[in-house]
Structures are given as C-alpha cells and as structure tokens.
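Peer 1: no FASTA, just this:
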C-alpha cells in the first residue's frame, strides 16, 4: 500500500517562549526544530504499515526551504520519498495549506491508499488541514485516531469519545489524522540517517495566498509566574511538605 | 443570528457547550441579534428545554434516524443546511474534539475559514478573535474573514453563565438534506472505558515524574506516594518517549489535562507543553535538584533535592503522620 504522511516543522520550545520584536513569530534564534508530536507518530505509523503490507511511504511538508531537515528526519525513520512544498509568508492558514497539499497530491498522479496527518499541529492548532484535504479529494476522514488496523481494504480506527472509545470502519483510500500514543516512534538508525542524507527531495514552489484567518500578532498569556515557597533542601523539606498536604486536606486520615 | 452547535453526553449539555453559548450570547447582544442553538439527533431531545436559561431564543433540532450515531460529516451537513435557511452571522461550536472536527468539515464544505479555540471575539467584518496556540501557551490575535464567521470556543476559557431568557422561545425540528455519502464516516461501535481506579483528569492528587526519576523502577516510590494520598501517577513526554510509562499517563498538550488539588511534580523540568496539561492544578509542589528549572516559575512550593531521596523520605513522613 502507498501511504502519504504530512508533517509540519515547528520549534522545540522548551520551558519558556519568547517572541520576535514584531510579535509575528516565536523567537527561534536559540531553538532547534522538530515536527509536531502527533505527526512524529504519523510517520512511524506510515513506516510500520509499509513494513507490514509492502508498498511505499512518502513524507510531505509545506513550509520554508529549511523544512527539508524534517523531511530527512522522517526518511531516516524509514519514509521512502519526500516532497517539499516551499511556501513562505504568513498567509498559510488551514484552508490554504489544505488546498496546496490536495493540489500537490493531484498533480503527482499517485494513488495513495492512505493519507496520514497529525490531529492538530503543535503550534497553530487549527484542527482542520486533514479534514479539508479529505473533502478536496472526496475521501472519508477519521480524526484523533489512537489505534489503526488495515484489513480487507478497510481502515479500522479507534479513538477516544465521550465516555469511552469509538470505532470507525472506512474503505480505503482514506484520510486518517492520528494522535500521539498510537505508537512509540523509533529512533532513526545510523544507516537510516546516512540514507536520508543523500535521498532526493522533490520540490514545489507556491506563492503566499490571501488568508481567511489572518494573524495580527502573537501574545504571551498573562503570566501565572508565582513566588515559589522553598520548603527546604533534600529530605529537610519533607516536614513542611507534610504540613502543606495536611492544609490542603489530602493527607490520609 | 448567532448559532451555537450544542453537544451533549447522555442527555446532559456538555460544559464546554454551555461556555460556548455564554460567549455566543454576549456576541449576539453586541450585535443586537438573536441567539439560536443547533442540536442534532433524537438523543438530544432532553437537552432542548434547558437551553432557554442561556438566552437561546430558538432551538433548531435536526432530526433523521441516521443521526443517532455520531457522524462528523453528517453533523456538518446539518450545520450547512441551517446556514442556508437561517442565514446566521456566525456559527460557534465548543473547541472539543467533536466541535473542532465538525467545524472543520463545515469550513471544508463551504470554503470558509475556521478560527479554532477562540477565547475572545469582537464582532465586525472581519471578526477580531483571540485564539489559543501551542495548547494555550501562546495567544494569537487574528482577523477572521468569511461571509459567515465559523469558530470554536476554547473550553474553560470563559465561565458558563445563565443569562436573561429571550423574549420568545421555540423549538423548530427540521429534516436536514443528508446524502448517504455524509455517513461514510460514522461510529460503528463504542467501547466503555475500563472501570476501576481513579482517572488522571479526575484525580485530586497527581504525582508526576520526569526524566529526573531516572528509570522505570524509579517510579515505584512515586506510585507509593500517590497511593498514600489517594492519587495517581502521571509523567512527562520524555518519560513516555523513553518507554518508561504508557502514553496514557502523559500529562501535557498531546496527553492528558489534569486538574488536581495538588500536583506533585518530581524531576520534571517544565516544558511549556507539559505545563499546559497541568494548568488546571490548584497547587504545584515541585521536587527538583535544579533551582533554576522553568517549572519553579509555575510552582507554589518546592523541595530542592533528588527525587530518589526526597520521595521515599516524604512517603515515610506521611506514614508516620498517619500513624502507620
């Protein structure tokens, strides 16, 4: 089976976010980059499906030229091919991103059996690219999937729902958006890394569109920075910790 | 007209939907327009009457036998059908899994943009919205365009409040135009959650462990501490990535969100994605060797020291205090 998996380059933010002076972006001068956690699992799922069923996996991203790094990361985990839709600028909201991805899929003329996405990106959190791509290509779409099996040309997908789990069965081809927890992504092997370093990356260029959801500025929420009370060093802090637990009313009777 | 898509669970309106209606009512008041609700499927019948208290003037009730099992695209078709007949200024849903899912389908069907997880909305054309990014660690002010404004309201960003009842009150059942293809994706069956121990989101005490716990075995004392306090163990993303704990224990943006009376965070540095999941904690007690760790800026109390020494000492002290 042929699987496409879509990822997005995002900064590794660590313990505190700072913004650029123009408030348009996170200040990434001292940060590394990765893909959103859900998507890392989507890549792993794609690689596992191809290992189990044969075929090939393609990783696609829409982003700046440097997002090639994330495509090579995915190839070092085992993805076979890579496509970079080079797109800069602020106009890439969920609708524009989905339209570009759907067009790239259509133009490539590859009949994918399965299109995998993360449920939502770590940074923008729009919750819509996978669903919009599904509509543009007239495919069924199950979101938030935490367990996936492919049987008899169908995808059997399980996700959390009100009060328990929901199971969906859809015919392939289909779009599935996954959540972290569906699998434990592997660490790339050294041969995998070497292979990924030399592998070709297919490139497309697109101009920035007019966004429907247009960013004005980013802001940090009002800090919940607190004055922390140091209860003590090492085991010496334990006595006052017990007092705190008693005050809160969580000490056992 | 402002329309709010209302979700319910077993005949009770979900809290995020009530919050969404509260924001929707304020928006409607500013615009001088009525607030309407959309409920879907016959199982929604019990929730209809309670909506008047939130200022809803008309409840549009989509009825079709096929709607008894959740089908995201069919729900979206109901929204689009109502948009065609009622001509709303904006359609709102709660920023839940289902709310965000249905609204994305609506956006795809209509070609309109969707603003997900908004916390503030100012009417106009475009709407000015504030929405959550990075799971709430960052806010974005944005212009939301489109002939009809589509947005979801971030859960727990505002308090649900009842409002003055609208002058008139009516329920209008309608049969939405639905195709068989709208039901291509529909819940085939459901499974209950395993019953038994306290779940992370509901626990009054959560003992979280990070890389500083050192090993899977290092969680033993944390388990003991949690059990003594009637709580449960959680962990950071590093811990699940290392395979020390299952992903179901992970607290954070891509894991579980907790709201305990106290969160005891052991050997956790405090990445923003983790702290987003712990935002609901009333108090945070940190046990960490590093006085400069980012998590200290979120903490109420801290013990500076090694988890592997402090936690067993705390367990003993609690046992003594308890007279064990």
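Peer 2: Okay, I see it. Owing to the predicted nature of the structure, the values given are computational and were not obtained by experimental measurement.

Peer 1: For the residue of the stretch 1-150 of chain B found nearest chain A, which residues are in contact?
Peer 2: Across the stretch 1-150 of chain B, no residue is closer to chain A than residue B:113, which sits at 2.7 Å (Cβ to the nearest Cβ). C-beta: built from backbone N, CA, C; applies to glycine. Residue B:113 makes contact with A:93, A:94, A:95, A:211, A:212, A:213, B:107, B:144, B:145, B:146, B:150 under the criterion Cβ atoms under 8 Å, 6 or more residues apart in numbering or on different chains.

Peer 1: All the helices of chain A, in order from the start?
Peer 2: Defined through DSSP state H, the helices belonging to chain A, from first to last, are A:37-53, A:68-77, A:94-108, A:129-136, A:190-198, A:238-248.

Peer 1: Is it possible to get a markdown table of the contacts of residue B:113 that adds distance to residue B:126, neighbour count and pLDDT?
Peer 2: Below are the contacts of residue B:113 laid out as a markdown table (distance: Cβ to Cβ, whole Å; neighbours: other Cβ atoms under 10 Å in any protein chain shown; pLDDT from 0 to 100):
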| residue | distance to residue B:126 | neighbour count | pLDDT |
| --- | --- | --- | --- |
| A:93 | 13 | 25 | 95 |
| A:94 | 16 | 29 | 96 |
| A:95 | 14 | 25 | 96 |
| A:211 | 11 | 20 | 90 |
| A:212 | 9 | 23 | 95 |
| A:213 | 9 | 29 | 96 |
| B:107 | 15 | 28 | 98 |
| B:144 | 5 | 26 | 98 |
| B:145 | 5 | 18 | 97 |
| B:146 | 8 | 21 | 97 |
| B:150 | 12 | 27 | 98 |
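
Peer 1: How about the residue of the stretch 1-150 of chain B closest to chain A, nearest residue that isn't a chain neighbour?
Peer 2: With sequence-adjacent residues excluded and distances taken as Cβ to Cβ, 6 or more residues apart in numbering or on different chains, residue B:113 is closest to residue A:212, at 2.7 Å.

Peer 1: residues touching the one you found, list them.
Peer 2: A:93, A:95, A:96, B:112, B:113, B:144, B:145, B:146.

Peer 1: Quickly note the distance from the closest residue to the fourth one other than its chain neighbours to residue B:90.
Peer 2: Okay, so that is residue B:112. Nearest residue to residue B:112 in three dimensions, chain neighbours excluded: residue B:146, at 4.1 Å (Cβ to Cβ, 6+ apart). Residue B:146 is 9 Å from residue B:90, where distance means Cβ to Cβ, to the nearest Å.

Peer 1: related to what we said a few turns ago, which of the contacts of residue B:113 sit farthest apart?
Peer 2: Taking Cβ to Cβ, the two most distant members of the contacts of residue B:113 are A:211 and B:150; they sit 14.2 Å apart.

Peer 1: residue contacts, residue B:268?
Peer 2: Residues in contact with residue B:268, defined by Cβ under 8 Å, 6+ apart, are B:208, B:209, B:210, B:211, B:212, B:236, B:274, B:286, B:288, B:295.

Peer 1: Also residue B:233?
Peer 2: The contact partners of residue B:233, by Cβ under 8 Å, 6+ apart, come to B:206, B:207, B:208, B:209, B:219, B:222, B:223, B:226, B:245, B:249.

Peer 1: Restricted to strands, list those residues.
Peer 2: Of those, the ones assigned to strands by DSSP state E are B:206, B:207, B:208, B:209.

Peer 1: most neighbours, which of those?
Peer 2: Using other Cβ atoms under 10 Å in any protein chain shown as the neighbour definition, those reach their maximum at residue B:208, which records 34 neighbours.

Peer 1: Now do that residue against residue A:249, distance only.
Peer 2: Distance check for residue B:208 against residue A:249: by Cβ to Cβ, it reads 20 Å.

Peer 1: Just the pLDDT for the nearest residue to residue B:212 once chain neighbours are set aside.
Peer 2: Spatial nearest neighbour of residue B:212, excluding adjacent residues (Cβ to Cβ, 6+ apart): residue B:267 at 2.0 Å. In the prediction, the pLDDT value recorded for residue B:267 is 98.

Peer 1: wait, isn't residue B:267 in contact with residue B:207?
Peer 2: No - when contacts are counted by Cβ atoms under 8 Å, residue B:267 is not listed as touching residue B:207 (11.1 Å).

Peer 1: which residues of chain B score low on pLDDT?
Peer 2: B:166, B:195-197, B:322-324 (pLDDT under 70).

Peer 1: care to break it down by domain?
Peer 2: Domain assignment for chain B, taken from automatic domain parsing, gives B:2-183, B:200-322.

Peer 1: got a list of what residue B:63 touches?
Peer 2: Shown here is residue B:63, whose contacts under the criterion Cβ under 8 Å, 6+ apart are B:41, B:42, B:173, B:174, B:175.

Peer 1: give me the number of residues near the second one?
Peer 2: Yep, that's residue B:42 we're talking about. Look at residue B:42: counted by other Cβ under 10 Å, it has 14 neighbours.

Peer 1: Please check the contacts of residue B:63 and keep the buried ones.
Peer 2: Taking 16 or more other Cβ atoms under 10 Å in any protein chain shown as the criterion, what is buried in the contacts of residue B:63 is B:41, B:174.

Peer 1: Return the subset of the contacts of residue B:63 lying in helices.
Peer 2: Per DSSP H, the subset of these in helices is empty.

Peer 1: Show me what the lengthiest strand in chain A packs onto, helices and strands only.
Peer 2: For chain A, the strand with the greatest residue count under DSSP E is strand A:141-151. Counting contacts by 3 or more Cβ pairs under 8 Å, 6 or more residues apart in numbering or on different chains; DSSP states H and E, the secondary-structure elements packed against strand A:141-151 are helix A:37-53, helix A:129-136, strand A:154-161, strand A:174-178, helix B:72-86, helix B:97-110.

Peer 1: and among the ones you listed, the most buried is which?
Peer 2: strand A:174-178 (a mean of 28; mean count of other Cβ atoms under 10 Å in any protein chain shown).

Peer 1: who are the neighbours in contact with the residue in the stretch 151-300 of chain B that chain A sits nearest to?
Peer 2: In the stretch 151-300 of chain B, no residue comes nearer to chain A than residue B:294, which is 2.7 Å away by Cβ to the nearest Cβ. Under the criterion of Cβ under 8 Å, 6+ apart, the contact partners of residue B:294 comprise A:14, A:15, A:16, B:269, B:270, B:271, B:275.

Peer 1: Tell me the secondary structure at the fifth one.
Peer 2: Think residue B:270. At residue B:270, secondary structure determined by DSSP: H, G, I helix; E, B strand; the rest coil is coil.

Peer 1: three-state assignment of the closest residue to it other than its chain neighbours?
Peer 2: Nearest residue to residue B:270 in three dimensions, chain neighbours excluded: residue B:295, at 2.8 Å (Cβ to Cβ, 6+ apart). Each residue gets one of three states, and residue B:295 gets helix by three-state DSSP.
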